[in-house]
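> how would this look folded up:
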Amino acid sequence: MTKKPKFSIGSWAFSFGPFEKNPWTFNQVCEYSAEAGYDGIEINGFHPHPHPDVYNSDAKCAELKKYLDGLGLGISGYAPDFTMAPPAKVEQGLYMAEVEKCTAFCSRMGIELLRTDTITPPEPIEGAAYEEQFKRLADNWRAAAELAEKNGQTIVWEFEPGFWLNKASEVIRMVETVDHDKFKLLFDTSHAYMGAVIGARHHGEKEILEGGLNEYARLAKPHIGHFHLIDSDGKLHDEETSVHAPFGAGFVGFPAVLEELGDSVESLDWWCFDFCFCPTTEEDGRKAIPFVNKLLEDRK
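Residues are numbered from 1 along each chain as shown. Have a look, this model is predicted:
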């Protein structure tokens with residue numbers, strides 16, 4: 001590797017799933033992250049963590065940025081709440097109104113990556129209806145990428161079993177249809193494993209890749225703009241989306257997939273550790289840094 005990436009942890013890990021009834025405050029997550037040795041935080045844009053409707057001024061964002069700077073934490077990306085405007089379902093004006101709020105927050109905070117997904121769950125839609133929805137999604141994401149470009153930002157799509165378009169062929173087709181330099185894939189090792197190896201929540205015939213996760217990495221790497229690392233035990237959380245298992249507790253062959261991904265992830269400034277829905281995040285989040293450092297040492 002020509003450089004070592006900076007490590008962040010997604011703050012949503014302390015808000016969703018087992019933490020949902022008693023979520024950590026954003027300050028608690030940040031102080032934990034700094035103490036555990038992370039270089040930064042990836043911000044969950046769902047309440048009670050920083051939401052663009054709350055952090056809607058230069059002054060508020062400057063205060064938040066000062067707090068993070070004081071802890072020595074950078075920001076690897078922003079994962080906002082688009083549930084009120086699923087981009088495959090709504091007209092472009094409604095979706096872009098939400099995107100504009102989020103890009104404004106990112107501009108104030110100096111954030112370069114804005115995470116999105118399709119919001120829409122996997123559904124049995126086919127034929128002309130499928131193509132119409134596919135086109136609407138591509139058009140909306142292209143418009144978002146154009147706005148992001150004006151603000152020096154990139155839109156990254158986190159594909160996963162729990163949302164529409166979760167087969168590798170659909171994912172690659174979509175990113176190539178959007179066809180914009182500022183629209184990229186967010187490659188999550190757990191989600192990719194569940195798609196390539198398990199065919200989790202695939203509508204109709206499962207699309208299992210013969211080469212498994214490594215084949216998915218090969219297909220995706222020309223389009224990758226961000227990277228989430230975590231293990232997979234081959235199961236779904238609440239039958240919805242991927243379990244994010246602690247490193248070493250699943251089936252992801254990290255040395256092989258990192259070898260396949262190569263410069264597509266090694267050139268990135270940030271790698272984010274995604275412990276979403278993991279009940280042992282507080283403990284295993286501390287073990288993640290030495291685990292991945294060992295992977296990097298072995299690649300030298």
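> any residues touching stretch 200-208, and which ones?
122-125, 161-162, 166-169, 194-199, 236, 242 (Cβ atoms under 8 Å, 6 or more residues apart in numbering). Every residue, glycine included, has its C-beta placed from N, CA and C.
> Name only those of those residues that count as buried.
122, 125, 161-162, 166-168, 194-199, 236, 242 (16 or more other Cβ atoms under 10 Å).
> Let's see stretch 206-221 as PDB, backbone CA atoms only.
This file holds the C-alpha atoms of stretch 206-221, laid out as PDB (Å, rounded to 0.1, in the frame of the first residue of the first chain):
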ATOM      1  CA  LYS A 206     -31.000 -15.900  -6.600                       C
ATOM      2  CA  GLU A 207     -28.000 -14.500  -8.300                       C
ATOM      3  CA  ILE A 208     -25.100 -16.300  -6.600                       C
ATOM      4  CA  LEU A 209     -21.600 -15.300  -7.900                       C
ATOM      5  CA  GLU A 210     -19.400 -18.300  -8.700                       C
ATOM      6  CA  GLY A 211     -16.400 -16.400  -7.300                       C
ATOM      7  CA  GLY A 212     -18.300 -15.200  -4.300                       C
ATOM      8  CA  LEU A 213     -17.200 -12.000  -2.500                       C
ATOM      9  CA  ASN A 214     -14.000 -11.800  -4.500                       C
ATOM     10  CA  GLU A 215     -15.900 -11.800  -7.800                       C
ATOM     11  CA  TYR A 216     -18.200  -9.000  -6.500                       C
ATOM     12  CA  ALA A 217     -15.100  -7.000  -5.500                       C
ATOM     13  CA  ARG A 218     -13.800  -7.500  -9.100                       C
ATOM     14  CA  LEU A 219     -17.100  -6.300 -10.600                       C
ATOM     15  CA  ALA A 220     -17.500  -3.300  -8.300                       C
ATOM     16  CA  LYS A 221     -14.000  -2.000  -8.000                       C
END
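> buried set for that stretch?
Result for stretch 206-221 [16+ other Cβ under 10 Å]: buried residues 209, 212-221.
> Among these, name the ones in helices.
212-220 (DSSP state H).
> Which single one of the residues you listed is nearest to R142?
Proximity of those to R142 (Cβ to Cβ) peaks at A220, which lies at 19.1 Å.
> list the contacts for the closest one?
Here A220 is in contact with 168, 171-172, 185, 187, 192, 264 (Cβ under 8 Å, 6+ apart).
> hang on, the earlier thing: what's the farthest-apart pair in the buried residues of stretch 206-221?
It's G212 and K221 that sit farthest apart of the buried residues of stretch 206-221, by Cβ to Cβ, at 14.9 Å.
> picking up where we left off before, Throw the buried residues of stretch 206-221 into a markdown table and include pLDDT and distance to M96, thanks.
Below are these laid out as a markdown table (pLDDT from 0 to 100; distance: Cβ to Cβ, whole Å):
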| residue | pLDDT | distance to M96 |
| --- | --- | --- |
| L209 | 98 | 34 |
| G212 | 98 | 37 |
| L213 | 98 | 34 |
| N214 | 98 | 37 |
| E215 | 98 | 35 |
| Y216 | 98 | 31 |
| A217 | 98 | 32 |
| R218 | 98 | 34 |
| L219 | 98 | 29 |
| A220 | 98 | 26 |
| K221 | 98 | 29 |
